[in-house]
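Peer 1: curious how this folds, go ahead:
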Amino acid sequence: MFEKTISLEFSTEIAVDTQTLFAFHTDTTNLPKITPPWIDVAIVSLELPLQKGSRIELDIKRFALTQRWDMIISELLSPKLLCDKAVKSPFKSFIHYHRFESIDKGKSILKDEVLFSLPLYPLSLIALSFIKKDMKKMFDYRHRQTKKLLEKNNV
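Peer 2: Sure thing, here's the model as predicted:
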């Protein structure tokens, strides 16, 4: 009935070209490498090759609770955009855009934009500040790890 969409954006400059950044994010074996240690993610099923319409099922364990996420790749435009959309998650809606922008030949910007709405709005707004803080912490970690892994391999 009621819904408020929240938008959060995170960006980091990384010393690699957009094709390398895109390839890293579309290689699902890299997900555990950039997942924070306080989150346990298991890939339950995955349709490969990754393309528009591919489905991904994840079990995500946080705070001793495991929740199944059913995701679909809604957009895939090499080497600029990867978008996954939750079909099933703890959120009422959840869309995650991974954007890869070229700065110059060997530098790119990784931008993650998350659009989500909470279930039971407006009652769930009580948790919004915690959710924002938690997502910031998670994406800060993911961006630091991505930068570290890619720039180390690009020396």
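Peer 1: is residue 53 in a helix, a strand, or coil?
Peer 2: For residue 53, the secondary structure call by DSSP: H, G, I helix; E, B strand; the rest coil comes out as coil.
Peer 1: what's the neighbour count on it?
Peer 2: As a burial measure, residue 53 scores 10 neighbours (other Cβ atoms under 10 Å). For glycine as for every other residue, the C-beta is placed from the backbone atoms N, C-alpha and C.
Peer 1: could you measure it against residue 67, distance?
Peer 2: Remark: distance between residue 53 and residue 67 (Cβ to Cβ, to the nearest Å) = 23 Å.
Peer 1: got it, and residue 15?
Peer 2: Applying Cβ to Cβ to residue 15 and residue 67 gives a distance of 35 Å.
Peer 1: next: residue 84.
Peer 2: 16 Å.
Peer 1: where in the protein is pLDDT low?
Peer 2: 1-3, 154-155 (pLDDT under 70).
Peer 1: how about the residue most central in space within the chain, phi and psi?
Peer 2: Nearest to the mean C-alpha position of the chain, by Cα atoms, centre = their mean, lies residue 96 at 5.6 Å. Phi and psi for residue 96, reported as degrees, to the nearest 10, are phi -130, psi 110.
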